[in-house]
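*Asks:* what's the 3D shape of this:
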Amino acid sequence: MRIRYLPETLINQIAAGEVVERPSAALKELVENSIDAGAAQIQIDIQSGGKSLMVISDDGDGMSAQELAAAVDRHATSKLPDDDLLNIKNLGFRGEALASIAAVSRLKIQTREKGGEAYEITVEAGRKSEIKPSSHPRGTRIEVRDLFYATPARLKFLKTERAEFMAIKDTIQRLAMAYPHVAFSLTHDGTKSLNLPVTLDPKARLAAILGREFGENAIDINAQREGFSLSGFAGLPTLHRGTAQYQYLFVNGRSVKDKLITGCVRAAYMDVLHRGRHPMVALFLTVPSELVDVNVHPAKAEVRFQDPALVRGLIISALKHAIHEHGFETSSTVSTQALGAMRSSYSPSLPLSRGSAPAVQPSYYRGGSPASAAYGNLAEAQSMMYEPEPTARYEQYEEAPPAPNEEQQSYPLGAARAQIHENYIVAQTPEGMVLVDQHAAHERLVYERFKAQVAESGVEKQGLLTPEIIEMDEDSISNILTHQSVFAKLGLELEPFGQGALSVQSVPALLGGKADIKKLIHDIADDIAEHGNADMLEEKLNEILSTMACHGSVRSGRRMNGDEMNALLREMEKTPLSGQCNHGRPTYIHLSLKEIEKLFGRR
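*Replies:* Numbers count the residues shown, from 1 in each chain. The predicted model follows:
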């Protein structure tokens with residue numbers, strides 16, 4: 001007979017290849033068991049990146065002798081009392097982890113339940129010992145030695161000790177984010193790497209993991225929709241990173257890695273952040289258990305929502321609402337970095353004589369500017385609207401600006417006191433001073449006006465004399481046609497054209513006649529496939545409006561009088577998202593009087 005039954009040990013080793021692919025995966029399963037057991041303190045001690053030793057100790061419920069004997073068998077679990085995979089309340093539920101780990105390592109478990117006796121068991125490469133009495137306090141201690149020694153082929157594919165340790169640390173940090181009421185400690189080769197005490201403040205736990213900057217500049221997120229609840233924190237647009245690795249999503253307390261969050265965060269921050277930069281977010285989604293499937297990945301790292309569009313809409317709307325509410329703010333890191341630069345550039349040996357630097361010649365775009373030539377009447381009108389007054393262009397101030405009155409200073413951005421280097425406005429507030437980049441600030445104001453005009457009158461479309469026929473695979477065509485109504489509102493009219501092709505009837509007029517339509521459609525299709533949304537066209541249109549705003553705003557090098565500067569400050573205070581320009585750079589820096597006095601050694 002050619003078909004035979006595999007031995008139990010080999011079955012467990014094969015299963016271990018899916019469930020326990022590296023030390024961090026094994027540790028994740030064991031720590032999740034501790035959390036499910038109601039532990040308040042979890043201590044992790046590892047050596048050699050988890051390859052030679054991992055010890056997990058908790059003060060949870062513990063196990064009886066009978067439960068301990070069953071725990072190391074495959075598909076034995078206490079987490080599915082009703083055998084209902086649609087109503088999973090715990091992090092673990094398959095009953096595979098301990099058996100899989102025991103099949104490829106030397107495992108020892110010591111446990112004691114409340115009011116009971118302590119017991120221990122050892123398992124070596126899947127071979128169980130007898131249950132023996134032990135000396136152990138309440139809770140469970142699991143010791144995993146020589147992981148993958150029974151499967152040398154898998155051992156060869158492990159990364160360096162440091163890489164494996166960093167993966168373990170990331171795993172513990174993710175679990176700690178979701179469970180601030182549990183204390184976690186991690187020790188590697190005798191050195192304590194994490195020490196996270198119990199806290200009732202989720203933001204404090206996130207700040208301990210992601211850094212003080214995140215704690216100081218995180219926006220509170222709280223939204224509900226149709227039984228779904230979203231909470232968490234998102235960084236201000238001016239607090240960003242060069243990678244998306246600082247974006248975390250938790251579903252019912254379970255850390256998941258899903259492209260959904262990447263697309264949602266990108267869509268929410270699309271208007272306030274450059275495409276190459278990424279915000280920091282930690283979002284906690286609570287979903288009715290029957291509306292989410294967590295049994296779609298061996299390591300439970302992915303989930304499947306019954307209504308992903310609802311989840312996506314909830315995340316994007318909650319983030320956008322929070323960003324707009326706090327759009328006038330800039331992160332505290334901006335001021336901190338500015339102060340740091342001032343301190344590091346200080347030198348007592350600097351000469352005090354005045355130099356003779358050549359004058360900077362200001363430049364402007366007039367009615368025949370590149371902006372109006374490239375973007376039509378809209379840009380031309382705005383360029384003319386913001387043409388500087390003749391009396392305010394080059395003249396030096398004959399006298400100092402009047403001292404600000406109390407009413408002017410009471411505004412968030414204070415009262416303008418001076419303009420330096422024809423680009424920066426210095427304003428005085430009761431608590432300190434504000435330094436404003438006039439071009440970046442006005443660029444945001446003009447950009448918001450453009451968007452309002454486009455929203456009011458719609459995106460003008462330009463019909464094609466000869467429709468563009470684009471050949472594509474059926475999946476891409478189906479994805480694009482699903483968002484057909486969205487594209488139509490943005491001026492892009494698409495229709496199916498036989499099998500394996502699309503017909504482009506019109507394009508947004510803002511794109512102009514030089515747009516590569518074929519490349520645009522293929523890029524949109526790729527974007528939908530990768531992120532599940534159709535935001536690329538809107539992003540491209542916003543990029544054009546942003547460029548138009550740049551050309552239509554107050555230029556660097558233009559002199560402004562006191563009234564103009566104060567008018568710009570007041571308009572910034574009324575305009576959403578004015579704390580950052582269209583590319584995510586801050587438009588102003590606030591320095592408190594205490595910080596300024598520190599620079600001069602007064603405090």
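*Asks:* Need the residue closest to the centroid of the protein.
*Replies:* Nearest to the mean C-alpha position of the chain, by CA atoms, centre = their mean, lies Gln247 at 3.2 Å.
*Asks:* Please name the residues that touch that one.
*Replies:* Neighbour list for Gln247: 261-262, 265, 278-281 [criterion: CB atoms under 8 Å, 6 or more residues apart in numbering]. Any C-beta I mention is one placed from the backbone N, CA and C, and that applies to glycine too.
*Asks:* what about 7 Å?
*Replies:* 261-262, 265, 278, 281 (CB atoms under 7 Å, 6 or more residues apart in numbering).
*Asks:* Buried ones among those residues?
*Replies:* 261-262, 265, 278, 281 (16 or more other CB atoms under 10 Å).
*Asks:* Nearest residue to the residue nearest to the centre of the chain in space, please, no chain neighbours.
*Replies:* Val281 (5.1 Å; CB to CB, 6 or more residues apart in numbering).
*Asks:* gap between the one you found and Ala415?
*Replies:* Noted for Val281: a distance of 36 Å to Ala415, by CB to CB, to the nearest Å.
*Asks:* do the same with Val198
*Replies:* 47 Å.
*Asks:* Comparing the two, which shows the higher neighbour count?
*Replies:* For Val198 and Ala415, the more surrounded residue by other CB atoms under 10 Å is Ala415, and the numbers stand at 23 against 13.
*Asks:* The more buried one contacts Met565, doesn't it?
*Replies:* No: using CB atoms under 7 Å, Ala415 is not in contact with Met565, being 9.0 Å away.
*Asks:* what about the longest helix anywhere in the chain, average pLDDT?
*Replies:* In the chain, with assignment by DSSP state H, the single longest helix is helix 438-457. Averaging pLDDT along helix 438-457 yields 82.
*Asks:* ok, and for it, which residues are buried?
*Replies:* Buried-residue list, helix 438-457, by 16+ other CB under 10 Å: 438-451, 454.
*Asks:* again with stretch 241-250
*Replies:* Buried, per 16+ other CB under 10 Å, within stretch 241-250: 246-250.
*Asks:* Looking at the residues you listed, which one is closest to Val507?
*Replies:* Gln247 (32.8 Å; CB to CB).
*Asks:* how much space between that closest one and Ile172?
*Replies:* 18 Å.
*Asks:* and what of Ala301?
*Replies:* In terms of CB to CB, Ala301 sits 15 Å off from Ile172.
*Asks:* Give me the more crowded residue out of those two.
*Replies:* Taking other CB under 10 Å, Ala301 and Ile172 do not tie; Ile172 has more neighbours (22 against 15).
*Asks:* Not counting its neighbours along the chain, what's nearest the more buried one?
*Replies:* Here the residue nearest Ile172, using CB to CB, 6+ apart, is Leu186, at 5.3 Å.
*Asks:* Ser231 belongs to a helix?
*Replies:* No: in this structure, Ser231 is strand, not part of a helix, as judged by DSSP: H, G, I helix; E, B strand; the rest coil.
*Asks:* And for it, nearest residue in space, chain neighbours not counted?
*Replies:* The spatial neighbour of Ser231 that comes closest, neighbours along the chain excluded (CB to CB, 6+ apart), is Phe284 at 5.0 Å.
*Asks:* which SS state does that neighbour fall under?
*Replies:* Phe284 ends up strand, using three-state DSSP.
*Asks:* Which strand residues bridge it?
*Replies:* Phe284 forms beta bridges with Ser231, Phe250, as assigned by DSSP bridges.
*Asks:* now, which of the contacts of Gln247 lie within strands?
*Replies:* The strands, defined by DSSP state E, take in 278, 281 from the contacts of Gln247.
*Asks:* Switch the contacts of Gln247 over to JSON lines; also include pLDDT and distance to Glu161.
*Replies:* As requested, the contacts of Gln247 are arranged in JSON lines below (pLDDT from 0 to 100; distance: CB to CB, whole Å):
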{"residue": "Ile261", "pLDDT": "78", "distance to Glu161": "30"}
{"residue": "Thr262", "pLDDT": "81", "distance to Glu161": "30"}
{"residue": "Val265", "pLDDT": "88", "distance to Glu161": "33"}
{"residue": "His278", "pLDDT": "89", "distance to Glu161": "29"}
{"residue": "Val281", "pLDDT": "94", "distance to Glu161": "31"}
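*Asks:* Tell me if Met433 really is in a strand.
*Replies:* Yes: applying three-state DSSP, one finds Met433 inside a strand.
*Asks:* count of neighbours near it?
*Replies:* Around Met433 there are 17 residues (other CB under 10 Å).
*Asks:* Let me see the contact set for it.
*Replies:* 426-427, 591, 596.
*Asks:* Most neighbours of all the residues you listed, which one?
*Replies:* Of the contacts of Met433, Ala427 is surrounded by the most neighbours, 26 neighbours in total, counting by other CB under 10 Å.
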